[in-house]
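# Fold the following.
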Amino acid sequence: MSRVVAELDSLMAVRFINDNREPNNLSAALILDIKLLMGDFQACVLQHTLREGNAAADFLASMGHSSQPGLHVLDSPPTDLRHILAGNQLGASFLRY
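Here you go, the predicted model:
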């Protein structure tokens with residue numbers, strides 16, 4: 001994979017990471033690590049999306065919150081996540097409430 005588009009539902013995080021200045025906040029080490037990882041790709045774009053448009057990430061975060069601590073590797077997406085991914089692939093829109 002050489003080109004990546006990542007959508008984040010935190011506008012502040014997108015701004016911090018995309019900022020060309022040296023970060024000087026509590027998350028500086030994390031931001032620098034993210035920028036280093038982004039450099040591994042030929043092209044890496046971070047953009048903001050509303051939480052409703054990031055349903056797959058929200059699903060995985062909820063799943064992780066209810067799981068036992070530790071590393072969990074998924075060989076394939078859970079059934080409920082497959083439906084979300086299929087909707088994303090079709091360009092389905094989500095209501096914002």
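
# And residue 65, how close does it get to residue 49?
20 Å (CB to CB, to the nearest Å). In short, each C-beta sits where N, CA and C put it, glycine included.

# hmm, I was thinking of residue 68
Taking CB to CB, one finds residue 68 at 29 Å from residue 49.

# who's more crowded, the two?
residue 49 (16 against 6; other CB atoms under 10 Å).

# Who are the contact partners of the closest residue to that one other than its chain neighbours?
Spatial nearest neighbour of residue 49, excluding adjacent residues (CB to CB, 6 or more residues apart in numbering): residue 7 at 4.0 Å. Counting by CB atoms under 8 Å, 6 or more residues apart in numbering, residue 7 touches 46, 47, 48, 49, 53, 54, 57.

# To what extent is the third one buried, counted in neighbours?
Spelled out, it's residue 48. 16.

# ok, it to residue 18 distance?
10 Å.

# Kindly provide the distance from residue 10 to residue 4.
17 Å.

# Give me the three-state assignment for the residue of the chain most remote from its centre.
The outermost residue of the chain, judged against the average C-alpha position, is residue 24 (22.6 Å), by CA atoms, centre = their mean. Judged by DSSP: H, G, I helix; E, B strand; the rest coil, the three-state class of residue 24 is coil.

# What pLDDT is listed against residue 95?
With respect to pLDDT, residue 95 has a value of 62.

# got it, and residue 38?
What the model reports as pLDDT for residue 38 is 92.

# repeat for the one 4 residues further on
According to the model's per-residue confidence, residue 42 sits at a pLDDT of 93.

# Leaving out chain neighbours, which residue sits closest to it?
residue 2 (4.0 Å).

# Residues in contact with the helix or strand where residue 80 lies: which ones?
Using DSSP states H and E, the element containing residue 80 is helix 79-90. Contact with helix 79-90 is made by 55, 56, 59, 60, 77, as judged by CB under 8 Å, 6+ apart.
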